[in-house]
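Peer 1: quick check, what structure comes out for this input:
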Amino acid sequence: MLLTQFVMNTSHFMTMSLLAVYMVGTLRFGAWEVATVMTTNLLAAQLLPFVFGLMADRYGFRLFMAAGLLLRALGLLGFAFGSGWLALSAMALVMGIGVAMYESSVYPFFSKQAKPIATRAFVLNNQMLNMGVVAGPLLSAVLLAYDIKLAFLVSSALFGCLGLWVFSQRAIDAGFTRGTVLAVSLQRVLRDRRFLFFLLAVVPWYFLFAQLYVSFPLYLGQIAGEAAVPKMFLVNGLVGLAFMVGTMVLMENSDARSVLPRVYAMATVFFFAAPVLSTAWWFLLFIGCYTVVETLILPAIETIVTEMAPDGSQSTFFGALSVASAIGGGLGYYTGSWCSLNLDARSMWTLFSGVGVLGCVLSVWFVRTQRAPALERV
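Peer 2: Modelled structure (predicted):
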C-alpha cells in the first residue's frame, strides 16, 4: 500500500503542480473560477470521507480504495478534454469523490496496524508523498514540453491501473474485522469533545497547506516565471525526503500532541519571512523551511487521530478529520486566490503568518485540555 501511495502521489503531483497555473495562464480563468474549481474538488474530497468512512467501518476497505482510484482516473480524463470552468468543476467533483472514497479507507488501513508499525507507516506514507512531489513535477516538466494535457492523460492512466490493481488485492480485507454499526461510529465522534477540540486546532494548518497549490505557485510564477513552478515542488519533495529519518526519530520519541504548537510557531516565523526578498532562491529556501513543518505536522496529526479513534471507528474519525481539512482548505483556496491577485506580497504573507499564530494558540489549548477530566469521552 505504501508503494501504491508513491505511484498515486506521483500521478497526483504530475497534474496538481500545474493546475492553478494552467487555469490562469492557458484557460484565462479569474480568481473566482480558479478557487471554485479547486474548492469543489477539496470539499468533495474532504467532506465526503466522513460519509464513506462510516460505510468503510461497516463494509470494509478494499472496494472503496479501488473505486476511488478509478473515479480519479475518470475525472482526470475530463480535465484533459474540458475547457470551461463549469465542466472542470464537474470533473473536480468526480475526482473529489474518488479521493474521498480512497482516503476513507487507506489511512484507517494503516491505523489498524500495531502502534509502532502504524506510526512508522504514517511517517513513511508522508515520504511517499514527498517522493511523489519529486517524481510528479519532473514528469510534468517533460510532458509540458509537448502538451500540458498529456500530464492529465498520463495521470489518468496511472490512476486507472492502480484502481484495478488494488481491486485485485484481497489481502487488504484481512485487516478488517467485524463491521461497526454506522450510528455507533457517529456517536463516538460527536461525543468525544477532546477530539472535536483537536479538529478545531488543525483547521489553521489545512488553511496554510492549501497555499501549496494556490498562492505558492502563483507567487513564484509572478517573481520568476511559470517555468520555475515545478522547481518549488521539487524542493518540497527533496527536503521532505532528506528530513525523513529525523521525522521518524522525533515521532517515535515524542508525544505527537506536543509537536503541534512547535510546528505552528515555526510556520508563523517562516510565512512572515517569505516576502523579505522577492527572488526565486529566497522563496525556494522558504519552501524548504515550510516542508520541514509539513513533514512534522502531517504524521503527528495522523498519529493523534489513531490514538484517539476507538477500534472499529477509525474510518469515521479520519473522515471527521477530513471535514476539518475541507473547512481550512476551502478557506485557504479562496483566500489564497484572492490575496495572490489583489494584495501586495507583504500583506498576503503577514495574513498567512497570523493564521499560524491562531493555530499555535488553538493547539496549546488542545494540549492543555488533555488534562481536563471534564472533557473525557462520554
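
Peer 1: for stretch 86-99, give the mean pLDDT please.
Peer 2: Across stretch 86-99, the average pLDDT comes to 87.

Peer 1: any chance you could list what contacts that stretch?
Peer 2: Among residues not part of stretch 86-99, those counted as contacts by C-beta atoms under 8 Å, 6 or more residues apart in numbering are 23, 27, 36-38, 40-46, 48, 67-76, 78-79, 82, 159. Every C-beta, even on glycine, is put in place using the N, C-alpha and C of the backbone.

Peer 1: below-threshold pLDDT in this structure: ranges please.
Peer 2: Across the chain, the ranges flagged by pLDDT under 70 are 17, 114-116, 174-186, 226, 244-254, 311-312, 370-378.

Peer 1: show me where it has strands.
Peer 2: For the chain, no strands are identified by DSSP state E.

Peer 1: show me the contacts for Asp232.
Peer 2: Rather than Asp, residue 232 is Met. Met232 neighbours (C-beta under 8 Å, 6+ apart): 17, 216-217, 220, 283-284, 287.

Peer 1: most neighbours out of these, which is it?
Peer 2: Within the contacts of Met232, neighbour counts (other C-beta atoms under 10 Å) peak at Ser17, which reaches 29 neighbours.

Peer 1: in helices, which of the contacts of stretch 86-99 fall?
Peer 2: 36-38, 40-46, 48, 67-76, 78-79, 159 (DSSP state H).

Peer 1: if we ignore the residues flanking it in sequence, what's nearest Ile327?
Peer 2: Of all residues not flanking Ile327 in the chain, Val203 sits nearest, at 5.5 Å (C-beta to C-beta, 6 or more residues apart in numbering).

Peer 1: okay, now the one you found: neighbour count?
Peer 2: Neighbour tally, Val203, other C-beta under 10 Å: 21.

Peer 1: wait, it sits on Gly329?
Peer 2: No - contact criterion C-beta atoms under 8 Å: Val203 and Gly329 do not qualify, at 9.1 Å.

Peer 1: how close does Phe61 sit to Phe29?
Peer 2: 36 Å (C-beta to C-beta, to the nearest Å).

Peer 1: for Glu307, that is, sorry about that
Peer 2: Counting by C-beta to C-beta, the gap from Glu307 to Phe29 is 42 Å.

Peer 1: of these two, who's got more company?
Peer 2: Neighbour totals were compared for Glu307 and Phe29, and Phe29 leads with 20 against 14 (other C-beta under 10 Å).

Peer 1: how about that one, phi and psi?
Peer 2: When read as degrees, to the nearest 10, the backbone of Phe29 gives phi -70, psi 150.

Peer 1: buried set for stretch 224-240?
Peer 2: 224, 226, 229-240 (16 or more other C-beta atoms under 10 Å).

Peer 1: what's the answer for stretch 330-338, then?
Peer 2: Quick answer for stretch 330-338 (16+ other C-beta under 10 Å): 330-338.

Peer 1: which of these fall in helices?
Peer 2: Per DSSP H, these map to helices at 330-338.

Peer 1: ok so, going back, make a PyMOL selection of the buried ones in the contacts of stretch 86-99.
Peer 2: PyMOL command restricting the contacts of stretch 86-99 to the buried ones, with burial defined by 16+ other C-beta under 10 Å:
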select buried, resi 23+36+37+38+40+41+42+43+44+45+46+48+67+68+69+70+71+72+73+74+75+76+78+79+82+159
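
Peer 1: in this structure, which residue is most central in space?
Peer 2: Residue closest to the mean C-alpha point of the chain, counted by C-alpha atoms, centre = their mean, is Phe209 at 7.3 Å.

Peer 1: count the neighbours of the residue nearest to Leu238 when sequence neighbours are not counted for me.
Peer 2: Setting aside the residues directly before and after it, Leu238 is nearest to Val134 in space (C-beta to C-beta, 6+ apart), at 5.9 Å. Val134: 21 surrounding residues under other C-beta under 10 Å.
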